[in-house]
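# Build me a structure from this.
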Amino acid sequence: MTSPRRSFIARAGRLALALSAVAGFGLAQAQSPTRILVGFPAGGGSDAVARILAERLQVELAANVVVENRAGAGGQLAAQALKAAPADGHTVFLSHDHSVSILPLTMKNPGFDPEKDFVPVAGFATFVNAVALSGGTPARDFKAWIDSVKGSGGKATMGIPAPASTPQFAVQVIGKQFGLDLVAAPYRGSAPMMGDMLGNIIPAGVGSVPDFIENHKAGKLRVVAVMGTQRQAALPDVPTFTELGIKGFEEVPYYGLFAPAGTPKAALDKLGAALQKVIAMPDVKDKLTAMGLTVGFMSGAELGKREVAYREVWAKIIKDSGYQPQ
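Residues are numbered from 1 along each chain as shown. Down below sits the predicted model:
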């Protein structure tokens, strides 16, 4: 028979081994934080979304989660950084449609191929782009703004958060439809564009609802039209492009996480499961909804299908616009 003393020693040994394993796991996690790459500057909509998710993912993943802004070229730099990152499950790219779907259509050599270099982890929301007017612009709604531009020579400048982006093509379509000479002024992200709008340096801009929503609520600018076919819960009084007779923008953009190609399935599943839990938390869902997002989980496979379908729609829009890849 085993003596009580030997049994105690054996249990103590097993406990020591277990504690050592836990300590080792904790150390490994501390040494290998999960990075969320964001392709736009701090202070913009994508950055705000990433930080909301990172705070709760840190708990679900039992690891340090950091947001890393790789701003520039409309998310191209962040996408290239994802391609170069180790496929170990510790680096993801939080992206919307522009970087993953639009850039490969508007650039000859973006430095990455989303189908070969990335793997979808999961999607978590859709959103719409919108037209907003600066606080100093006299017009109070979209029609009044169109009439004011016509009355002042038919030419106006509209800010956009990135060149060759969905907002740029929206500016082009709006100008063509209403017979206006609208010039798209590209910025390095929504934050600097917002700065010029708030300073009344430019009269109007096109960007995502998350970019505009807080300043709209504060009365510092006015969202006057949203893309898509349905009014947004966060902006119930703002008409849609469909209501205004502007066609071609029915397919709404998405937000998702992407990992480097070759990332193990177990790591992808872990990240996806953690994200699904986080966006189901009432406070997280409320924060994202208040920003103008429609929250809903998409598996990696579902996100991949949506991304391909979205790219096909925009391939036609870009081709019809006459835009030549740069």
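# who's Thr91 bridged to?
Taking DSSP bridges, one obtains Arg35 as the residues bridged to Thr91.
# how close does the nearest residue to Phe118 once chain neighbours are set aside sit to Leu271?
Among residues not flanking Phe118 along the chain, Phe258 sits closest, at 4.5 Å (CB to CB, 6 or more residues apart in numbering). Quick note: C-beta positions are derived from backbone N, CA and C, even for glycine. The spacing between Phe258 and Leu271, counted by CB to CB, to the nearest Å, is 10 Å.
# just Ala164 next, same as before
To Leu271, Ala164 is 30 Å away according to CB to CB.
# Could you do Val226 as well?
Val226 sits 31 Å away from Leu271, going by CB to CB.
# same question, Gly256
Separation of Gly256 from Leu271 (CB to CB) stands at 11 Å.
# Find residues that contact each of those two.
Where contact means CB atoms under 8 Å, 6 or more residues apart in numbering, the residues bridging Gly256 and Leu271 through contact with each are Val121, Ala122.
# So for the two, which sits in the more crowded spot?
Comparing Gly256 with Leu271 by other CB atoms under 10 Å, the one with more neighbours is Gly256, at 26 against 23.
# Surely the more buried one is within a helix?
No: the assignment for Gly256 by DSSP: H, G, I helix; E, B strand; the rest coil gives strand, which leaves it out of any helix.
# and the longest strand along the chain, which strands flank it?
With residue count as the measure and DSSP state E as the assignment, the chain has strand 118-126 as its longest strand. With DSSP bridges as the test, strand 118-126 is paired with strand 254-260 (antiparallel), strand 294-299 (antiparallel).
# Tell me how many other residues surround Val49.
The burial count assigned to Val49 is 25, neighbours taken as other CB under 10 Å.
# Can you give me the pLDDT of it?
The predicted structure scores Val49 at 95 on the pLDDT scale.
# Same check on the one 4 residues further on?
Per-residue confidence for Leu53 comes out at a pLDDT of 98.
# Show me the helices in the stretch 51-200 of the chain, by range?
If DSSP state H, counting those that start in this stretch is used as the criterion, the helices of the stretch 51-200 of the chain fall at 76-84, 97, 103-106, 114-117, 142-151, 166-178, 190-198.
# helices or strands up against the second one?
So that's helix 97. Counting contacts by 3 or more CB pairs under 8 Å, 6 or more residues apart in numbering; DSSP states H and E, helix 97 packs against helix 300-321.
# Show me what the helix it packs on is in contact with.
97, 100-102, 104-106, 114, 119-123, 166, 169, 172-173, 248, 251, 253-254, 256, 268, 272, 298.
# export it as CSV, just CAs?
Listed in CSV are the C-alpha atoms of helix 300-321, where the atom choice follows Å, rounded to 0.1, in the frame of the first residue of the first chain:
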residue,chain,number,x,y,z
GLY,A,300,-14.4,31.9,-42.4
ALA,A,301,-16.0,30.0,-45.3
GLU,A,302,-19.0,32.5,-45.3
LEU,A,303,-16.6,35.5,-45.2
GLY,A,304,-14.6,34.1,-48.1
LYS,A,305,-17.7,33.6,-50.3
ARG,A,306,-18.9,37.1,-49.4
GLU,A,307,-15.5,38.6,-50.3
VAL,A,308,-15.4,36.9,-53.7
ALA,A,309,-19.0,38.0,-54.5
TYR,A,310,-18.3,41.5,-53.5
ARG,A,311,-15.2,41.7,-55.6
GLU,A,312,-17.2,40.4,-58.6
VAL,A,313,-19.8,43.2,-58.2
TRP,A,314,-17.1,45.9,-57.9
ALA,A,315,-15.1,44.5,-60.8
LYS,A,316,-18.0,45.5,-63.1
ILE,A,317,-18.5,48.9,-61.5
ILE,A,318,-14.8,49.8,-61.8
LYS,A,319,-14.6,48.5,-65.4
ASP,A,320,-17.8,50.5,-66.3
SER,A,321,-16.2,53.7,-64.7
